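*Asks:* I'll drop the sequence and a predicted model, then ask my questions.
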Amino acid sequence: MKTLVVMPTFNEAKSLASTVEGLLAEIAGVNILVVDDNSQDGTAEIADSLEIKHARVSVLHRPAKQGLGPAYIDGFRYAFANGYEIVVEMDADGSHQASDLHNILLATTEADLVIGSRWIPGGSVQNWPISRILLSNFGNLFARLMLGTHIFDMTSGFRAYQSSFLRKLIDSPVSSQGYSFQVELAYRATKNGVVKEVPITFVERTEGRSKMTIGIVFEALIKIQLWGIRRLFG
């Protein structure tokens, strides 16, 4: 299956090259699209050098930081325009392991959306403080209960979509800008298709700074609550 990994970046100069080249070495035949939001730390230049060096790498430059959701939407549109059959979401900071992508891609033969899950048997996280583990578990439990799904890791950003399914999934506007984008698309997918989770090992970044903020967490909790209310009361 013709597969594109969409990899949004904003100030990931310390990790981008190793992440991209590790993925190219691990997974044969997969192409990568780096979607850069006008990084100011040299990320854009590194992405351009990777595009020159590797025929399987392309770069999409965006004029400013506009949020994770819009970056992915632009990447998805690139995938549709270029005939990709499988579209993968993957972080550029090294937290998602290229070796886990094998099982995610294998599972796309059975599902419209395959989520790499930290919170099912076999999944794990490394180098997270207990506070981060509790926050992620609470957020996913809250989303699962409010939205009535059976997905244990709705916030995971390591996932693969059937392109034809994804195109229908984003036909209507996506309201989320930050990490609630992942929850919104997973929730939509449960109403229209088959969703499968496979275990992954998430490794906390060792370079650069996390983009997670209190504001992003707050946005996600508010949106999940609103979607849950609409689900219950129409």
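*Replies:* Happy to help now that I have it. As the structure is a computational prediction, the values presented were derived from the model and not from experiment.

*Asks:* Can you list the residue ranges for strands in the chain?
*Replies:* Per DSSP state E, the chain carries strands over the ranges 3-9, 30-36, 57-61, 86-89, 113-117, 124-126, 159-162, 195-199, 201-203.

*Asks:* can you list the ones you listed in JSON lines and add distance to residue 229 and mean pLDDT?
*Replies:* All C-beta atoms are positioned from the backbone trio N, CA, C, and that covers glycine. Listed next are the strands of the chain as JSON lines, based on distance: least, C-beta to C-beta, whole Å; pLDDT from 0 to 100:
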{"stretch": "strand 3-9", "distance to residue 229": "30", "mean pLDDT": "98"}
{"stretch": "strand 30-36", "distance to residue 229": "32", "mean pLDDT": "98"}
{"stretch": "strand 57-61", "distance to residue 229": "36", "mean pLDDT": "98"}
{"stretch": "strand 86-89", "distance to residue 229": "27", "mean pLDDT": "98"}
{"stretch": "strand 113-117", "distance to residue 229": "24", "mean pLDDT": "98"}
{"stretch": "strand 124-126", "distance to residue 229": "30", "mean pLDDT": "97"}
{"stretch": "strand 159-162", "distance to residue 229": "26", "mean pLDDT": "98"}
{"stretch": "strand 195-199", "distance to residue 229": "22", "mean pLDDT": "98"}
{"stretch": "strand 201-203", "distance to residue 229": "30", "mean pLDDT": "97"}
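
*Asks:* between the ones you listed, which gets nearest to residue 232?
*Replies:* strand 195-199 (20.7 Å; C-beta to C-beta).

*Asks:* Any buried residues in the longest helix that the chain contains, and which?
*Replies:* Among the segments of the chain that qualify as a helix by DSSP state H, the longest is helix 214-233. The neighbour-count check on helix 214-233 (16 or more other C-beta atoms under 10 Å) flags 216, 219-221, 223-224, 227-228 as buried.

*Asks:* now do stretch 18-26
*Replies:* Buried, per 16+ other C-beta under 10 Å, within stretch 18-26: 19-21, 23-24.

*Asks:* from those, which single one is nearest residue 68?
*Replies:* residue 19 (16.4 Å).

*Asks:* per-residue confidence for the closest one?
*Replies:* The model reports residue 19 with a pLDDT of 97.
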